[in-house]
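*Asks:* need a structure here:
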Amino acid sequence: MSTQDPAPAATAARLAYENSLAIAARDAAHRALTEQLLLVLADTLDSFDRLLAGAAAADPESYRRSLELMARQVETVMAGQGVEPVGRIGERAEPATHHVAEVRAAPGAADDEVLEIVQRGYRYRGQLLRAARVVVAVTGDAEQETERT
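*Replies:* Okay, the predicted model is just below:
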């Protein structure tokens with residue numbers, strides 16, 4: 001009859017379990033940091049959008065083209081990391097992915113049709129990082145300009 005000590009097997013199992021917990025914690029921290037970085041990049045793209053909308057320089061068209069290229073480069077990097085924009089003009093606003101910043105009467109448009117993107121939203125690997133802030137259409141005779149949440 002063998003009298004082997006079960007302690008080494010138990011110790012190895014415990015160490016393997018603790019190692020897997022440490023790896024899971026590092027992965028969670030990495031995901032959180034990645035999401036923070038991606039949100040910062042999203043805010044940077046918003047700054048590009050504002051600058052492009054009101055840019056004035058000695059050669060405005062050249063300045064605009066340069067800024068557009070820089071914005072596209074950042075978008076390409078984000079897309080390569082699994083980030084995709086949320087919100088397009090003409091689509092129907094959905095509560096899960098759109099924050100309605102304003103409603104407007106728009107003849108010929110359907111209820112909740114996106115008329116304008118105030119701030120782009122983003123998904124990261126299928127999960128919503130930030131909802132798109134949009135202006136949507138409302139049918140009816142009275143023009144409304146209100147904030148809905």
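*Asks:* low-confidence ranges in the protein?
*Replies:* 1-6, 54-58, 140-149 (pLDDT under 70).
*Asks:* center of it - which residue?
*Replies:* Centroid-nearest residue in the chain: residue 122, 2.2 Å away (criterion: C-alpha atoms, centre = their mean).
*Asks:* shouldn't that residue be in contact with residue 85?
*Replies:* Yes - with contact defined as C-beta atoms under 8 Å, residue 122 and residue 85 form a contacting pair (6.1 Å). To be clear about C-beta, it is placed using only N, CA and C from the backbone, and glycine gets the same treatment.
*Asks:* and the helices in the protein, which stretches?
*Replies:* 7-54, 60-80 (DSSP state H).
*Asks:* got a list of what the residue nearest to the centre of the chain touches?
*Replies:* 38, 42, 78, 83, 84, 85, 86, 128, 129, 130 (C-beta atoms under 8 Å, 6 or more residues apart in numbering).
*Asks:* can you list contacts of stretch 44-52?
*Replies:* 64, 67, 68, 70, 71, 74, 75, 78, 119, 120.
*Asks:* CA atoms only: put it into CSV for me.
*Replies:* What follows is stretch 44-52, C-alpha atoms only, in CSV (Å, rounded to 0.1, in the frame of the first residue of the first chain):
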residue,chain,number,x,y,z
THR,A,44,-10.3,63.3,-30.1
LEU,A,45,-12.3,62.5,-33.2
ASP,A,46,-15.1,64.8,-31.8
SER,A,47,-12.5,67.6,-31.6
PHE,A,48,-11.5,66.9,-35.2
ASP,A,49,-15.1,67.2,-36.2
ARG,A,50,-15.5,70.6,-34.5
LEU,A,51,-12.3,71.9,-36.0
LEU,A,52,-13.3,70.8,-39.5
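*Asks:* list the buried residues of that stretch.
*Replies:* 45, 48 (16 or more other C-beta atoms under 10 Å).
*Asks:* next one: stretch 122-138
*Replies:* 122, 124, 129, 130, 131, 132, 133, 134, 135, 136, 137, 138.
*Asks:* before we move on, the earlier item: go through the helices of the chain and name the closest to residue 103.
*Replies:* With C-beta to C-beta, the closest approach to residue 103 among those belongs to helix 7-54: 21.9 Å.
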